[in-house]
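[1] Starting from these lines, generate the structure:
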Amino acid sequence: MTRRWSLITTIAVLAVALAFVVAQLVRGQESGEQQASPSAGAESPRGVAWWPLHRSGTAKAGEHDAVVSGDVEWTDGPEGGALRLDRTSEYVKAGSGIDTAGADYSVAARVRLTSVNGFRTAVSQDGKRISAFFLQYSGQDENFAFSSPGARTVAEKTERPQANRWYHLTGTYSQKGHRMRIYVDGRLAGSREASSKAKPTGDVLIGRGRVGGKAVDHWNGDIADVHVYDRELAPGEVDSLSAREPG
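    So this is what the prediction gives:
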């Protein structure tokens, strides 16, 4: 009988000790998560640069204000104001170029097309002869697309865009797996493997692209809240940015 009680006591002590160890491990994990969370959210949702285009070319992030070329107009936008482009001579030189050849990157904008025909580029970055990327409308595919030389990722999971309606577009590129994605209104709409060796040589441009060394695909409509990032945005970040601009 004494042995039985001794065994029961030993088991009880071991059970209490095990419960204590488990509790400490859980606390340590929670503490680690709490310590990790500030750094996880430390990267600014504004990105490398952000041009609201709310009736001016002033940048809220980055080193350069946007320089407007042509007799552009300003109009109302979903978050305050927007830039209206309707001629082939109108575009915006934004500056603040990003590395698209050897690093992850993302680009986003709020856009509205006056008409849905042809190729229309909302945001691009100049290369020597061709843009390093195009966030655009593809008349050939009748949908939005995120493109680089030799590759076009079409928003296949969304309906054909409508004229005079605002959309939020985000294009992301990850060097790991060479994966290019396009999101429409915060939702993944297209993805493909794509690799481009085209090196950017110039500025980020709003309202046109470059092919064969010439300006092409001028935007016909309105653009606002252009962002560029030197990293791939996660799906949750894209959804959040689509819903509301950072403060």
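[2] And the helix or strand harbouring Leu188, how far out from the chain middle?
    Counting by DSSP states H and E, the element that carries Leu188 is strand 187-193. Relative to the mean C-alpha coordinate of its chain, strand 187-193 is positioned 12 Å out (CA atoms, centre = their mean, to the nearest Å).
[3] which residues make contact with it from outside it?
    Among residues not part of strand 187-193, those counted as contacts by CB atoms under 8 Å, 6 or more residues apart in numbering are 144-146, 151, 153-158, 177-183, 235, 239. All C-beta atoms are positioned from the backbone trio N, CA, C, and that covers glycine.
[4] now swap in stretch 231-238 and tell me
    Contacts of stretch 231-238 with the rest of the structure, by CB under 8 Å, 6+ apart, involve 43, 45, 103-106, 108, 170, 172-174, 183, 186, 188, 241.
[5] Now, the residues you listed that are in strands?
    Within the contacts of stretch 231-238, residues falling in strands by DSSP state E are 105-106, 108, 170, 172-174, 183, 188.
[6] For ChimeraX, what selects the buried ones among these?
    A single ChimeraX command suffices to select whichever of the ones in strands among the contacts of stretch 231-238 are buried according to 16 or more other CB atoms under 10 Å:
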select :105,106,108,170,172,173,183,188
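[7] Now tabulate the ones in strands among the contacts of stretch 231-238 in CSV and tack on distance to Leu85 and pLDDT.
    Output for those, formatted as CSV (distance: CB to CB, whole Å; pLDDT from 0 to 100):
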residue, distance to Leu85, pLDDT
Tyr105, 24, 94
Ser106, 22, 96
Ala108, 18, 98
Thr170, 20, 98
Thr172, 24, 97
Tyr173, 25, 95
Ser174, 30, 94
Tyr183, 23, 98
Leu188, 27, 98
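[8] Now the nearest residue to Asn164 once chain neighbours are set aside: which helix or strand?
    Distances taken as CB to CB, 6 or more residues apart in numbering place Arg112 nearest to Asn164, at 6.5 Å, with adjacent residues excluded. Mapping Arg112 onto the secondary structure by DSSP H and E places it in strand 105-113.
[9] Any stretches of this protein with poor pLDDT?
    Low-confidence segments of the chain (pLDDT under 70): 1-44, 196-197.
[10] Counting neighbours, which bits of stretch 48-63 end up buried?
    Taking 16+ other CB under 10 Å as the neighbour-count basis, stretch 48-63 is seen to contain the buried residues 48-55, 57, 59-62.
[11] how is this protein carved up into domains?
    The record, using automatic domain parsing to delimit domains, assigns the chain the ranges 1-42, 49-243.
[12] Single out the most deeply packed of those domains.
    Per-residue neighbour counts averaged over each of the domains of the chain give the maximum for domain 49-243, namely a mean of 19 (mean count of other CB atoms under 10 Å).
[13] end to end, how far does that one reach?
    19 Å (CA to CA, to the nearest Å).
[14] Contacts only, for Trp51.
    By CB under 8 Å, 6+ apart, the residues touching Trp51 are 57-60, 65-66, 92, 94, 206, 225-226.
[15] and it, what are its phi and psi?
    Its backbone dihedrals place Trp51 at phi -120, psi 100, with angles given as degrees, to the nearest 10.
[16] Against Val67, how distant is it?
    When distance is defined by CB to CB, to the nearest Å, Trp51 is 11 Å away from Val67.
[17] Identify the contacts common to these two.
    Going by CB under 8 Å, 6+ apart, residues that sit against Trp51 and also against Val67 are 57, 92, 94.
[18] Please tell me I have it right and the first one contacts Val72.
    No - the pair Gly57 and Val72 fails to qualify as a contact (CB atoms under 8 Å) at a distance of 9.6 Å.
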